[in-house]
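Model the structure of this input:
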Amino acid sequence: MPEHAETSQTPAPGAADAAGRRAFRRPVEGVLFDFHGTLAQVEDAHEWVSSAAAACGVTLERMRATALADRLLTAGRAGGPLPARVPPRLAELWADRDLYPHAHRGAYVGLAETVDAGIEGFAEALYDRVLVPEGWVPYPDTAPTLAALREAGVRVAVVSNIGFDIRPMFQAWGLAELVDAFVLSYEVGRCKPDPGIFLRACGMLGVDPERALMVGDTPADAGAVAAGCAVLVLPAADPGRGNGLGAVLDLADAGMQP
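Presented below is the predicted three-dimensional model:
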């Protein structure tokens, strides 16, 4: 063989397949994340009830707290699950809950009041837990996923149907600098699955919808398809457990080794 003969380059195993898959993907320049059930979960129901009671000066025995939690979850909790039934007197507030802060509070406090706990101010204290970072648990993959997207230059928005400001949660968790825009239904006057809220998010990021990926956990999040976005729907997980959020990095080709 000649001394300077060229040697053939054989692709690493799987490299050709990976390159082929990327060739058929739309480029992702921005990722839109749902909040509840995607980036974070509400605290454990027992902790929710016990903490609210403590704020009212009452210490609950575990069995009583568990029984109250079961009844309150059936009635409907901010952050889920949805109520088994909405009393007629709360119907208007319920319909507007993600558009106006007063409606959000009124609806969920009203639902909690249908459960007689015998504790003064308990329904308000239960609602107040959803307004503070301690009432939420970010998923373990949230911080590394957002950090990897930032490192890769992919812009990020949080798009949520919600009746209160979630920015303080991200500040408390040290994640605020990893989010470029918060698109909250009560601020923009549109709720998922309305395509308008996704288009607004893309506009705030300066990203074409066809180069955006919406990540959520409900059919409402999949409404982003009507706005031209790609969609990834992941199952919500219990507080503290992973929900597969790292799959976003593969779809966005972010945080991948060359």
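
contacting residues for residue 218?
By Cβ atoms under 8 Å, 6 or more residues apart in numbering, the contact list for residue 218 reads 34, 37, 233. (C-beta placed from N, C-alpha, C; glycine too.)

which among those gets closest to residue 65?
Minimum distance to residue 65 across the contacts of residue 218 is 23.7 Å, recorded for residue 37 (Cβ to Cβ).

Secondary structure element holding the closest residue to that closest one other than its chain neighbours?
Closest residue to residue 37 apart from its sequence neighbours, by Cβ to Cβ, 6 or more residues apart in numbering: residue 236 at 3.5 Å. Assigned by DSSP states H and E, residue 236 belongs to neither a helix nor a strand.

Might one say that residue 236 is in contact with residue 221?
No - between residue 236 and residue 221 there is no contact under Cβ atoms under 8 Å: 11.0 Å.

Looking at these two, which is more packed in?
Shown here are residue 236 and residue 221; by other Cβ atoms under 10 Å, residue 221 has more neighbours (27 against 16).

can you pull the contacts of the nearest residue to the more buried one once chain neighbours are set aside?
Spatially, and ignoring its direct neighbours in sequence, residue 221 is nearest to residue 34 (5.1 Å; Cβ to Cβ, 6+ apart). By Cβ under 8 Å, 6+ apart, the residues touching residue 34 are 158-160, 192, 214-218, 221.

swap in residue 173?
Residue 173 makes contact with 133, 138, 143 under the criterion Cβ under 8 Å, 6+ apart.

follow-up on the earlier one: which of the contacts of residue 218 fall in strands?
residue 233 (DSSP state E).

and the contacts of residue 218 as JSON lines, adding pLDDT?
JSON lines is the format used below for those (pLDDT from 0 to 100):
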{"residue": "34", "pLDDT": "98"}
{"residue": "37", "pLDDT": "94"}
{"residue": "233", "pLDDT": "95"}
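
what's the closest of the contacts of residue 218 to residue 185?
residue 34 (11.4 Å).

circling back to that earlier point, what's the separation between the residue nearest to residue 37 and residue 244?
11 Å (Cβ to Cβ, to the nearest Å).

Residue 86 too?
From residue 86 to residue 244 the distance is 32 Å (Cβ to Cβ).

Am I right that residue 214 is in a helix?
No - assigned with DSSP: H, G, I helix; E, B strand; the rest coil, residue 214 falls outside any helix and is strand.

Can you read off the pLDDT for the residue nearest to it when sequence neighbours are not counted?
In this structure, residue 214 finds its nearest non-sequential neighbour in residue 224, 3.5 Å apart by Cβ to Cβ, 6+ apart. Looking at residue 224, its pLDDT reads 97.

Same question for residue 137.
96.

Check residue 242 too.
What the model reports as pLDDT for residue 242 is 87.

rewinding a little: need the residues touching each of residue 236 and residue 221.
Common neighbours of residue 236 and residue 221 (Cβ under 8 Å, 6+ apart) are residue 38.

Contact partners for residue 82?
Residues in contact with residue 82 (Cβ under 8 Å, 6+ apart) are residue 76.

how near is it to residue 252?
31 Å.

ditto for residue 229
In this view, residue 229 and residue 252 are 13 Å apart by Cβ to Cβ.

Compare those two (neighbour count), which wins?
For residue 229 versus residue 252, the count of surrounding residues by other Cβ under 10 Å is larger for residue 229: 29 against 24.

Look up how far residue 143 lies from the more buried one.
For residue 229 relative to residue 143 (Cβ to Cβ), the value is 24 Å.

Repeat that for residue 105.
29 Å.

cool, and residue 152?
From residue 152 to residue 143 the distance is 15 Å (Cβ to Cβ).

What of residue 136?
Applying Cβ to Cβ to residue 136 and residue 143 gives a distance of 14 Å.

coming back round to it: between residue 105 and residue 143, who's got more neighbours?
residue 105 (20 against 15).

And residue 166, what's its pLDDT?
Residue 166 is given a pLDDT of 98.

next one: the one 4 residues further on
At residue 170, the predicted lDDT confidence score is 98.
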